[in-house]
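Asks: got a sequence here, can you build the structure:
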Amino acid sequence: MPYEPLQTLTIPQTSTDQQGIENDHADPATPWKTQGWRFWAVFPGLCLAMLLTGLDASILATSLPTIVSDLHGGALYIWTMNGYFLTTAVVQPLMGQAADIFGRRIPMLVALSLFTLGSGLCGGSTSLPMLIAARLIQGFGGGGLFLMTDNIIADLTPLRDRMKYLSMVMIFLYSWSRLLVYVRTIADLLIAP
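Replies: Below you'll find the model as predicted:
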């Protein structure tokens, strides 16, 4: 008995099939399909979430010496940065699995809640171990926000346009974070005696 496939696909099997090439560029005069109101209602919030997590990942570096001296921290100070990045890396596979099980909304809200809780605890820290624990909570939220932003954009955009919108998020993140670093540097220069 010869092998028979379980199903027959009618779509092109390779990227060089002529049918796929013809369908991909059927009407070059037609512009790409624009996104609807749902996407543009969600997209600015995703950009803001990425901005907050991106700033949080890097803003501590400029103020860490002051924080360590105020909290009388010793050799543990490095864990304020390493703990954040470690938990950010650890939580991403877990959040991806949670997003597959529960949908995108619940893990995104959980990540945002953890990030906000961690930020509040960081602001109220009275010792370096408390700051490190708060940064760990923040890292769980931040890693979830990074992953969920990418997942939500992937769900709302077609494959053809996905990198365009992810690039917009990264450009927004980079430009605003650089601007805030420059403002902080200029403010330090003006305030310094």
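Asks: alpha carbons only for contacts and neighbour counts from here, please
Replies: Will do.
Asks: show me which residues of the helix or strand hosting residue 61 are buried.
Replies: Using DSSP states H and E, residue 61 sits within helix 37-70. Residues of helix 37-70 classed as buried: 43, 46-47, 49-57, 67-68 (neighbour count, 16 or more other Cα atoms under 10 Å).
Asks: check stretch 116-130 too.
Replies: 116, 117, 118, 119, 121, 122, 125, 128, 129, 130.
Asks: any idea which of these is closest to residue 161?
Replies: Within the buried residues of stretch 116-130, proximity to residue 161 (Cα to Cα) peaks at residue 116, which comes in at 30.9 Å.
Asks: show me the contacts for the closest residue to that closest one other than its chain neighbours.
Replies: Excluding the flanking residues, the one nearest residue 116 by Cα to Cα, 6 or more residues apart in numbering is residue 138, at 7.3 Å. Residue 138 makes contact with 84, 114, 115, 116, 117, 118, 119, according to Cα atoms under 8 Å, 6 or more residues apart in numbering.
Asks: which of those fall within helices?
Replies: The helices, defined by DSSP state H, take in 84, 114, 115, 116, 117, 118, 119 from these.
Asks: what about the helices in this protein?
Replies: Using DSSP H, the helices of the chain run over residues 18-24, 37-70, 79-102, 105-123, 128-156, 159-191.
Asks: counting by contacts, list what the third one packs against.
Replies: The criterion is 3 or more Cα pairs under 8 Å, 6 or more residues apart in numbering; DSSP states H and E, and the helices and strands that helix 79-102 contacts are helix 37-70, helix 105-123, helix 128-156.
Asks: what's the span of stretch 69-76 from first residue to last?
Replies: 12 Å (Cα to Cα, to the nearest Å).
Asks: how near is the nearest residue to residue 98 once chain neighbours are set aside to residue 77?
Replies: Spatial nearest neighbour of residue 98, excluding adjacent residues (Cα to Cα, 6+ apart): residue 107 at 6.5 Å. Distance, residue 107 to residue 77, using Cα to Cα: 30 Å.
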